[in-house]
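Undergrad: Sharing a model that was predicted from the sequence below.
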Amino acid sequence: MEQVSCRSCGTCVLAEKFSPQHTSVQWNNAAVAACTELSGSGVNSHTCQALRASIDHAVESGALTVNTRDFDVHTRGRTLA
């Protein structure tokens with residue numbers, strides 16, 4: 001997972017793309033509190049359109065790549081001793 005910052009409010013989450021339709025996002029409490037879309041509605045909405053657009057922009061710019069899971073996602077292809 002890679003850090004992605006929202007281009008609207010600046011909050012930072014961890015994100016990973018597995019396909020154009022599948023995005024995994026990990027929020028922490030600070031990110032939820034800082035998000036202007038989630039802070040008013042709580043975590044129940046699960047979606048921030050500004051962050052979604054920021055993740056799409058990160059993919060388009062090459063800052064976030066689409067992971068095809070051709071290797072173990074836990075080790076990122078590294079061999080563990």
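TA: That came through, no problem.

Undergrad: for the chain, which helix is longest?
TA: Counting by DSSP state H, the longest helix found in the chain is helix 49-61.

Undergrad: Mind listing what's buried along it?
TA: By neighbour count with 16 or more other C-beta atoms under 10 Å, helix 49-61 contains the buried residues 51, 54, 55, 58, 59. All C-beta spots, glycine's among them, are computed from the backbone N, C-alpha and C.

Undergrad: Apart from its chain neighbours, what residue comes closest to the most centrally placed residue in the chain?
TA: Averaging the C-alpha coordinates of the chain gives a centre point, and the residue nearest to it by C-alpha atoms, centre = their mean is residue 15 (2.3 Å). Closest residue in space to residue 15, ignoring its immediate chain neighbours: residue 4 at 4.5 Å, by C-beta to C-beta, 6 or more residues apart in numbering.

Undergrad: To which secondary structure element type does the one you found belong?
TA: Here residue 4 takes the strand state, with states given by DSSP: H, G, I helix; E, B strand; the rest coil.

Undergrad: what pLDDT does it get?
TA: In the prediction, the pLDDT value recorded for residue 4 is 95.

Undergrad: still on that earlier bit, got the CA positions of the helix or strand that contains the residue nearest to the centre of the chain in CSV?
TA: If you go by DSSP states H and E, residue 15 is part of strand 12-17. Coordinates of the C-alpha atoms in strand 12-17 are reproduced here as CSV (Å, rounded to 0.1, in the frame of the first residue of the first chain):
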residue,chain,number,x,y,z
CYS,A,12,-3.3,11.0,4.0
VAL,A,13,-4.4,7.3,3.7
LEU,A,14,-2.9,4.1,2.5
ALA,A,15,-4.2,3.0,-0.8
GLU,A,16,-3.7,0.1,-3.3
LYS,A,17,-5.3,-0.5,-6.7
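
Undergrad: Next secondary structure element downstream of that strand?
TA: Taking DSSP H and E as the definition, the helix or strand that follows strand 12-17 towards the C-terminus is strand 23-26.
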